[in-house]
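>>> Structural data only, the sequence is not supplied:
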């Protein structure tokens, strides 16, 4: 309350004088508050406009600072809540090295925001660790404005107490004789599912003593089909492929039938008895790109990523692994998937008209050249990747090394696709394949799933398998880690 209104309010506590004084007092209060409220509103609006402009330019740290200064001037609770979540969204876009400390000349709240972002990123792999990290943060910053907005959102569905992960009962599953396979062989995912089954059948030819029975998950869903497959009383179930069904299975303490799921549930649930998880997580392909680039001595990277859940996840997977290996991220640029303005994103990344562009063709007899980075990581799916790569070359990034996840090529290949992505280093299960099979990544997944199912004892003993999707090893909690390869088409 404004300082001039305090003594007036105390006089108003006398009920006898209130009716006649009320109109005059109300007008005095409004007159004293209106100029300050209007000035605060204008100040906040200017800061927020500046923040949006800076974000469009890719200057995320500066945009956060503008929103921090605007926050205290926002009058309504809904405005503050929205602004807090925008601050948090921008913090997620910063590389890990930028979260060590906030920039100078920031409000007192900046320390808490940066500490929250660090805690979240370091503990995000486990819901149990994240819950404890958020509790420690709240104790350190009890009056922080993020407490009643972002912190409350982050705590949704988090456990309140740590549980002990159950041990695998009886150790690794013995080599199976009867295997039930759960995959969608009809419907929208029928092509990918059939490629998966074909890979399994191809691998099983070397083991004629093992019988396979297929259960199509398309009609009734992965979880319902799983129950039907369990009724077949197999020695092992391979599947389901559906992520939501795997997450449901991972919520149980112990499965009655040893199961090799073909997707991943949340990290917090790894350790469910009789459940192993193996899949084609695109983050693994991004990490493989970072590892191969660093192995080649490439130090400075730019990242061009699709601004959706998939693109941000894959881009962050590359960024964190690249930085962990000692590399540095020079520039990050986003684009809207399926947008008709991809050229704007490419120009924003390369800045071809600037005195020192990010990259220019510097081969003998070409342009003078400018090389501020050693490689570009492109987190894009097939439709966008096939348009972006030619645009990069058009803007003189002809010899720029480009790494991308397997998804950049898509499920099917043709001569035009191969030409568009010529010389791109693709990282994933397709590396080294001829490319003549539809959905080759799922064919490779099926082939390796059969190998894993028959060699779980070896994996448990610490051995690695050389599979078609990469080098396979068993991590704690029953997760099959996949170390993918990278190669040109």
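That came in fine, so what should we check first? All of these numbers come straight from a predicted model, not from anything done at the bench.

>>> Need the three-state assignment for residue 427.
Secondary structure for residue 427, judged by DSSP: H, G, I helix; E, B strand; the rest coil, is strand.

>>> neighbouring contacts of the helix or strand containing residue 179?
Element membership for residue 179 (DSSP states H and E) is strand 178-183. Contacting residues not belonging to strand 178-183 are listed as 193-194, 196-197, 200, 210-217, 222, 225-226, 229-230, 232-241, 262, 453 [CB atoms under 8 Å, 6 or more residues apart in numbering]. Backbone N, C-alpha and C define where each C-beta goes, glycine included.

>>> List the strands paired with it, with their directions.
For strand 178-183, the paired strands and their directions (DSSP bridges) read strand 211-216 (parallel), strand 236-238 (parallel).

>>> one step back: mind giving me the ChimeraX command for buried ones among the contacts of strand 178-183?
Command for ChimeraX that selects the buried part of the contacts of strand 178-183, burial taken from 16 or more other CB atoms under 10 Å:
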select :193,194,196,197,200,210,212,214,215,216,217,222,225,226,229,230,234,235,236,237,238,239,240,241,262,453
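
>>> Inside helices: which ones of the contacts of strand 178-183?
When those are checked against helices (DSSP state H), the matches are 193-194, 196-197, 200, 222, 225-226, 229-230, 453.

>>> Determine how far the strand holding residue 179 lies from the middle of the whole chain.
How far strand 178-183 lies from its chain's middle: 30 Å, per CA atoms, centre = their mean, to the nearest Å.

>>> picking that back up, would you mind putting the strands paired with strand 178-183 into JSON lines with distance to residue 133 and mean pLDDT alongside?
Output for the strands paired with strand 178-183, formatted as JSON lines (distance: least, CB to CB, whole Å; pLDDT from 0 to 100):
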{"stretch": "strand 211-216", "distance to residue 133": "41", "mean pLDDT": "92"}
{"stretch": "strand 236-238", "distance to residue 133": "35", "mean pLDDT": "95"}
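
>>> Now distance to residue 118 too, for those strands, in TSV please.
Output for the strands paired with strand 178-183, formatted as TSV (distance: least, CB to CB, whole Å):
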stretch	distance to residue 118
strand 211-216	45
strand 236-238	39
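
>>> can you tell which of these is closest to residue 110?
Evaluated over the strands paired with strand 178-183, closeness to residue 110 peaks at strand 236-238, with 49.8 Å, by CB to CB.

>>> And the contacts of the closest one?
Residues contacting strand 236-238 (CB under 8 Å, 6+ apart): 173, 176, 178-182, 200, 226, 229-230, 257-260, 262, 449-450, 453.

>>> And for stretch 380-399?
Residues outside stretch 380-399 that contact it (CB under 8 Å, 6+ apart): 304-306, 310-311, 335, 337-338, 342-343, 345-347, 350, 352, 357-363, 366-367, 376, 378, 400, 402, 404, 407-411, 417, 420-421, 424.

>>> Which of those residues fall within helices?
The helices, defined by DSSP H, take in 310-311, 342-343, 345-347, 350, 417, 420 from those.

>>> tell me the SS of residue 280?
Put simply, residue 280 is coil when judged by three-state DSSP.

>>> ok, it to residue 348 distance?
31 Å (CB to CB, to the nearest Å).

>>> of the ones in helices among the contacts of stretch 380-399, closest to residue 95?
Ranked by distance to residue 95 (CB to CB), the ones in helices among the contacts of stretch 380-399 are led by residue 311 at 15.7 Å.

>>> That closest one touches residue 377, doesn't it?
No. Residue 311 is beyond contact range of residue 377, at 11.2 Å (criterion: CB atoms under 8 Å).

>>> Next, residue 256: secondary structure please.
What three-state DSSP gives for residue 256 is strand.

>>> From residue 272, how far out is it?
Distance of residue 256 to residue 272, given as CB to CB: 12 Å.

>>> ok, these two, which is more surrounded?
The neighbour comparison of residue 256 against residue 272 (other CB atoms under 10 Å) goes to residue 272, with 23 against 10.

>>> Contacts only, for that one.
Contacts of residue 272 (CB under 8 Å, 6+ apart): 166, 249-255, 478.

>>> and with 7 Å instead?
Applying CB atoms under 7 Å, 6 or more residues apart in numbering to residue 272 gives the contacts 250, 252-255, 478.
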